[in-house]
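1. Sharing a model that was predicted from the sequence below.
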Amino acid sequence: MFVLGIETSCDETAASVVGPTGVLSDVVYTQTVHAEYLGVVPELASRAHAEKLSSVVQRALSQAGLRRPDAVAATSGPGLIGAVLVGLSFGKAAAAAWGCPFLGVNHLEGHLLSPLLEDPAPAFPFLGLVVSGGHTQLYLARDVGDYEVLASTVDDAAGEAYDKVARVMGLGYPGGPIVDRLSKGGDPRSVPLPRPVVKKRDLDWSFSGLKTAVRKHQHQHPDTRPEDLAASFQAAVVDVLLDRVLRASRRTGVTRLALSGGVAANSELRERAAQLPLQVYLPPRSRCTDNGAMIAHAGRLRLLRGQRDPLSTSARPGWPLSQLAVPEAS
Ligand code: KG4
Ligand code: ZN
């Protein structure tokens, strides 16, 4: 079964073909139109998807050596509603034209299961830390479709905190990779920043106070080297992310940890996660940020378990991943 995956939930227009041997093609177009606004502009994202998607899909198919896939999977949420609708509508129309099955995939499930594309892949059950621009959650993944949320952010997502801090520091967008690069030349102990905890919910995160602390420091000590502030912020983010992971591992007894989502491309998070006393699975950086392969793969796993979605499937901007059951095999 060769599945075409389509991803348009934010600012990447992406398509990929995944088959029995793995990823056959993986085409990602990162929209550049948002940089001058220092953040994603939803309307511009939808338009850019509509403009680029057809050629991105054609390239994914031709690189895979296919004229048509056996099924089409498209992100149907969560994400920017207009952006999601572009890929979803395209995917449903393509499936209708080809007369093949369609699957509406949850973007977070795409991230969570993306480490399974690698060799070695984590076996179930594993802890899945999904850290992106829109979400920061830790799941206990027991099987495809059987996920328990162990921890969430109560305010900003980790990637959002990176993007906001970059904006405060006047560094540009997207902030994650810029702050990551800048941190390499800084001292992570030079600026004292908090490690916020959430009262009575010791597995959850809060990142908004950290962003405020960076802003305050910048205001009160404008002479601080940007490298030092960036490195101190990054150390705080990685500290709190890994602290909750270790607690959750102790609590559940699960020692396999899979990282995914854009922030999982972060160099310090990758280095320090690899040193944890856990079996750690890290997809390559290109599979951490949004891509079509993770959508094709999640769709394919569900297809193999008998799932088919109707062409009336609609976009779900706030679709949670908990209790996302796979239907009984027919
Ligand atoms: O998963 P993703 O591509 O899109 C969403 O689903 O949100 O994640 C994008 C986020 C952005 O906030 C970006 O700043 C962050 O991931 N990011 C990073 C790095 N690369 C991307 N954050 C920290 N370090 C990085 N190297
Ligand atoms: Zn994402």
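-> All right, it came through fine. Ligands and ions are numbered 1, 2, ... in the order given.
2. Next one: the residue nearest to the spatial centre of the chain from residue 23, what distance?
-> Centre of the chain computed as the mean C-alpha position; nearest residue by Cα atoms, centre = their mean is residue 261, 2.7 Å away. Taking Cβ to Cβ, to the nearest Å as the measure, residue 261 and residue 23 are separated by 18 Å. No exception for glycine: its C-beta is placed from N, CA and C like everyone else's.
3. cool, residue 278 as well?
-> On the measure of Cβ to Cβ, residue 278 and residue 23 end up 26 Å apart.
4. Check residue 290 too.
-> 15 Å.
5. With residue 195 instead?
-> Distance of residue 195 to residue 23, computed by Cβ to Cβ: 37 Å.
6. now the residue of the stretch 101-250 of the chain found nearest ligand 1, what's its secondary structure?
-> Residue nearest to ligand 1 within the stretch 101-250 of the chain (Cβ to the nearest ligand atom): residue 176, separated by 2.1 Å. Secondary structure assignment for residue 176 (DSSP: H, G, I helix; E, B strand; the rest coil): helix.
7. Get me the contact residues on this protein for ligand 2.
-> Counting by Cβ under 5 Å from the ion, the chain comes close to ligand 2 at 132, 290.
8. So which bits of the lengthiest helix in the chain are buried?
-> Counting by DSSP state H, the longest helix found in the chain is helix 226-252. Neighbour-count burial for helix 226-252, with 16 or more other Cβ atoms under 10 Å as criterion, is recorded at 226-238, 240-242, 244-245, 248-249.
9. Likewise for stretch 142-156?
-> By 16+ other Cβ under 10 Å, the buried positions in stretch 142-156 come out as 144, 145, 146, 147, 150, 151, 152, 153, 155, 156.
10. now stretch 87-106
-> For stretch 87-106, burial by neighbour count (16+ other Cβ under 10 Å) applies to 87-92, 94-95, 98, 100-106.
11. Can you pick out the ones from these that are in strands?
-> 102, 103, 104, 105, 106 (DSSP state E).
12. is it true that the residue of the stretch 101-250 of the chain closest to ligand 1 touches residue 162?
-> Yes: counting by Cβ atoms under 8 Å, residue 176 touches residue 162, with 4.1 Å between them.
13. can you list residues touching both of these two?
-> Residues touching both residue 176 and residue 162 (Cβ atoms under 8 Å, 6 or more residues apart in numbering) are residue 263.
14. Which residue of the two possesses the greater neighbour count?
-> Legend: neighbour count by other Cβ atoms under 10 Å for residue 176 and residue 162, higher for residue 162 (30 against 26).
15. what's across from residue 131 in the sheet?
-> residue 136 (DSSP bridges).
16. burial count for it?
-> Counted with other Cβ under 10 Å, residue 131 comes out at 28.
17. what does the one 4 residues further on give?
-> Applying other Cβ under 10 Å, we find 22 other residues in the vicinity of residue 135.
18. Just the pLDDT at the nearest residue to it once chain neighbours are set aside, thanks.
-> The spatial neighbour of residue 135 that comes closest, neighbours along the chain excluded (Cβ to Cβ, 6 or more residues apart in numbering), is residue 157 at 5.4 Å. pLDDT recorded at residue 157 is 97.
19. element containing the residue nearest to residue 39 when sequence neighbours are not counted?
-> Residue nearest to residue 39 in three dimensions, not counting chain neighbours: residue 173, with 6.0 Å by Cβ to Cβ, 6+ apart. Taking DSSP states H and E as the definition, residue 173 sits outside all helices and strands.
20. Residue 173 contacts residue 33, doesn't it?
-> No: counting by Cβ under 8 Å, residue 173 does not reach residue 33; the two are 11.2 Å apart.
21. Name the residue in these two with the higher neighbour count.
-> Neighbours per residue (other Cβ under 10 Å) separate residue 173 from residue 33, with residue 173 holding more: 18 against 13.
22. Report the contact partners of the more buried one.
-> Counted by Cβ under 8 Å, 6+ apart, residue 173 has contacts 34, 35, 37, 38, 39, 163, 166, 167.
23. Dihedrals phi and psi, the fourth one?
-> Torsion angles at residue 38 (phi, psi; degrees, to the nearest 10) stand at phi 60, psi 30.
24. I figured it was touching residue 172, is that so?
-> Yes: because the distance of 7.1 Å satisfies Cβ under 8 Å, residue 38 is recorded as touching residue 172.
25. From residue 176, how far out is residue 190?
-> 21 Å.
26. ok, is stretch 57-76 in contact with ligand 1 or not?
-> No: Stretch 57-76 is not in contact with ligand 1 by Cβ under 6 Å from any ligand atom; minimum separation 9.8 Å.
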